[in-house]
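Q: Quick check, what structure comes out for this input:
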Amino acid sequence: MRVLWRGDGNLLELLPAAAYRFKVGNLGYSRRSTVLFNDPELVREIMKDPDEVFPKSDLMVSALEPLIGESIFVTDGAKWRRQRAMIDPAFSQLRISHAFPAMRAAVDDYETVLAQRAAAAETFSLDLAMSHLTADIICRTVFSTSLDSQVAMDVFEDFTVFERSVAQVDIKRLILAPAWSEAPQPAEVLGACERIRDHLGRLVDTHLAADADYDDIASAVIAARDADSGEAFSREELIDQLGVFFLAGHETTASVLTWVFYILSVQPELVARLRAEIDSVVGDGPVEFSHLRQLPLVRAVFREALRLYPPITFIPRVALKATQVGPRRLKRGALVMIAPWTLHRHQDLWEQPHAFIPERFLPENEDALTPGAYIPFGQGPHTCVGAGFAQTESALIIARLVRRFDFECLDPDKVRPAARLTTRPAEQVYCRVRPC
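A: Below you'll find the predicted structure:
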């Protein structure tokens, strides 16, 4: 009732205080039954799913299909295995050292933008800034081209519309609708999806042209063939699959980096420690790929932000049949909820679970972490293949921008998290930068 009254679709408001204490428990009362699992062993069992009892939730699938179709992100079983086999060669294109020059070039260009904003004392959206930068990086690595600034803004705004209005976060439907019921999407959501897919289609078409000659992720996916039929992906299927690379590859990273720079804006002592580490490793030269492994505090800041603000707040599954998981009997159609948000903040799994303490992820402290309690990139066969890419990209961005700029967020005390499809600030965070 509280969530319905607020009317903003923030799924974090559905979590009772007990969700940060129990191992298995109900999330309120609903027609289909929603069960939250916080036990790392049971979470591992569900995510591994050897008997294919727990496919991706019908709510998630119906929400994402207008945007990314029947892509690898929403399919399961034989269809998922076929798609994964076809695009596995493209994953080799994600080799990080190969992509690093494109990452660095995008950060070079964005440093120039921030320097101009600093000189003009301009106030800007931190959310949009991080989305623009990470979208440019993924565009250069997937499609071998930089992303037009207006296109980046359009995609950000359309994705914001999509997140706020998509029917997956219709609380009435979540509580009252039975499993596998129709979930029609609002016209504004369908319009936002159409515009995003149109932008992606134009990028795909550059690679489908007769004279196209690229060596990147998009060209590898285009070259993929089904092992049995020999068929390639159609243009629409290419938009589906490359849409996952593009949207998941930049939106989730942008979300975490927004939280990173918001937190750093109010922790000057931590910023000073980061600068000291970067200066001791890099000196006066450019940040190279080899340096990133030597910046443990930079990496720990990113990992702790991922813990407190995991981009994928909830990983919903649905029980295809009545089954038993640990102590809990699940009925057919039950919504099986795995929440990195609660797992990462559970009082039995973390010391000071709601505090930002990056030191817990320093190499000398990692043995104290509870196995399976930290799953920002998922777990099991569906673990995010871009995890290494995201960590390298983020470490580079943090090192480069912290080294050169101080961020000042306006009204930092008013920033609060909201979970719809990803964990974002409920309202955009506005900030200014100045040279350090």
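
Q: hey, let's count contacts and neighbours off CA atoms from now on
A: Will do.

Q: Who are the contact partners of Thr123?
A: The neighbours of Thr123, taking CA atoms under 8 Å, 6 or more residues apart in numbering as the test, are 117, 430-432.

Q: Sort out for me which of those are in strands.
A: Of the contacts of Thr123, the ones assigned to strands by DSSP state E are 430-432.

Q: Not counting its neighbours along the chain, what's nearest Tyr110?
A: Leu133 (6.7 Å; CA to CA, 6 or more residues apart in numbering).

Q: right, and that neighbour touches Asp109 too?
A: No: contact criterion CA atoms under 8 Å: Leu133 and Asp109 do not qualify, at 9.1 Å.

Q: Those two: which is more packed in?
A: For the pair Leu133 and Asp109, the greater number of neighbours falls to Leu133 (24 against 12), based on other CA atoms under 10 Å.

Q: what's the helix or strand for that one?
A: Leu133 belongs to helix 126-143 when assigned by DSSP states H and E.

Q: name the helices or strands packed onto that helix?
A: Packing contacts for helix 126-143, counted by 3 or more CA pairs under 8 Å, 6 or more residues apart in numbering; DSSP states H and E, involve helix 96-120, helix 149-165, helix 187-208, helix 217-223, helix 235-265, strand 430-435.

Q: Let's have these in CSV, adding distance to Asp49 and mean pLDDT.
A: CSV is the format used below for the helices and strands packed on helix 126-143 (distance: least, CA to CA, whole Å; pLDDT from 0 to 100):
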stretch, distance to Asp49, mean pLDDT
helix 96-120, 30, 93
helix 149-165, 28, 79
helix 187-208, 31, 90
helix 217-223, 27, 87
helix 235-265, 23, 90
strand 430-435, 42, 97
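
Q: quick one, which of the ones you listed is nearest to Gly285?
A: helix 96-120 (13.4 Å; CA to CA).

Q: The helices and strands packed on helix 126-143: which one's closest to Leu335?
A: helix 149-165 (20.2 Å).

Q: now that closest one and helix 187-208, what's the angle there?
A: 140 degrees (axes from the mean of the first three to the mean of the last three CA atoms, to 10 degrees).

Q: For helix 149-165, buried residues please.
A: For helix 149-165, the neighbour count (16 or more other CA atoms under 10 Å) marks 152-156, 158-159, 161-165 as buried.

Q: Same check on stretch 49-68?
A: By neighbour count on 16+ other CA under 10 Å, the buried set for stretch 49-68 is 53-68.

Q: Need the contact partners of it.
A: Applying CA under 8 Å, 6+ apart, the contact partners of stretch 49-68 are 46-47, 74-77, 166-168, 179-180, 183, 185, 190, 193-194, 196-197, 239-241, 243-244, 316-321, 335-336.

Q: Go again with 6 Å.
A: Residues outside stretch 49-68 that contact it (CA atoms under 6 Å, 6 or more residues apart in numbering): 74, 168, 180, 193, 240, 243, 316-320.

Q: Pull it out as CSV, backbone CA atoms only.
A: Extracted in CSV, the C-alpha atoms of stretch 49-68 (Å, rounded to 0.1, in the frame of the first residue of the first chain):
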residue,chain,number,x,y,z
ASP,A,49,19.3,-24.6,-12.2
PRO,A,50,20.5,-27.9,-13.7
ASP,A,51,16.9,-29.2,-14.2
GLU,A,52,15.7,-25.9,-15.8
VAL,A,53,13.0,-25.4,-13.3
PHE,A,54,13.7,-21.7,-12.8
PRO,A,55,13.7,-19.8,-16.1
LYS,A,56,13.7,-16.0,-16.2
SER,A,57,10.6,-14.5,-14.8
ASP,A,58,7.7,-13.9,-17.2
LEU,A,59,7.4,-10.4,-15.8
MET,A,60,11.0,-9.6,-16.8
VAL,A,61,10.6,-11.2,-20.2
SER,A,62,7.4,-9.3,-21.0
ALA,A,63,9.0,-6.1,-19.9
LEU,A,64,12.2,-6.5,-21.9
GLU,A,65,10.9,-8.1,-25.1
PRO,A,66,9.8,-4.7,-26.7
LEU,A,67,13.3,-3.5,-26.2
ILE,A,68,15.6,-6.4,-26.9
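
Q: Distance from that stretch to the middle of the chain?
A: Centroid separation between stretch 49-68 and its chain, computed with CA atoms, centre = their mean, to the nearest Å, is 17 Å.

Q: most centrally placed residue in the protein?
A: Centroid-nearest residue in the chain: Thr252, 2.4 Å away (criterion: CA atoms, centre = their mean).

Q: That one and Pro311 touch, don't they?
A: Yes: using CA atoms under 6 Å, Thr252 is in contact with Pro311, at 5.3 Å.

Q: if you average pLDDT over the helix or strand hosting Ser280, what comes out?
A: Here Ser280 sits within helix 268-282, counting by DSSP H and E. Per-residue pLDDT over helix 268-282 has a mean of 97.

Q: List the single closest residue to Arg400 in space, sequence neighbours excluded.
A: Closest residue to Arg400 in three dimensions, ignoring its sequence neighbours and counting by CA to CA, 6+ apart: Val287, at 7.1 Å.

Q: helix/strand/coil for the one you found?
A: Assigned by DSSP: H, G, I helix; E, B strand; the rest coil, the conformation of Val287 is coil.

Q: can you tell me how far it sits from Phe100?
A: Relative to Phe100, Val287 is positioned 11 Å away (CA to CA, to the nearest Å).

Q: ok, now Leu12?
A: With CA to CA as the criterion, Leu12 and Phe100 are 36 Å apart.

Q: ok, those two, which is more surrounded?
A: Using other CA under 10 Å as the criterion, Leu12 and Phe100 rank with Phe100 on top: 20 against 17.

Q: what's the pLDDT at the closest residue to the more buried one other than its chain neighbours?
A: Excluding the flanking residues, the one nearest Phe100 by CA to CA, 6+ apart is Phe289, at 6.9 Å. Phe289 carries a pLDDT score of 94 in this model.

Q: What's the local residue count around Phe289?
A: Neighbours around Phe289, by other CA under 10 Å: 17.

Q: which residues touch Cys384?
A: Contacts of Cys384 by CA under 6 Å, 6+ apart are Phe377.

Q: Kindly recompute the last result at 10 Å.
A: Residues in contact with Cys384 (CA atoms under 10 Å, 6 or more residues apart in numbering) are 73, 248-249, 376-378, 390.

Q: Next one: Arg84, what pLDDT does it get?
A: Taking Arg84 on its own, its pLDDT is 80.

Q: whoops, Ala395 was the one
A: So, for Ala395, pLDDT stands at 97.

Q: between the host helix or strand of it and helix 96-120, how many degrees?
A: In this structure, Ala395 sits in helix 387-404 according to DSSP H and E. Angle between the axes of helix 387-404 and helix 96-120 is 30 degrees (criterion: the same axes, to 10 degrees).
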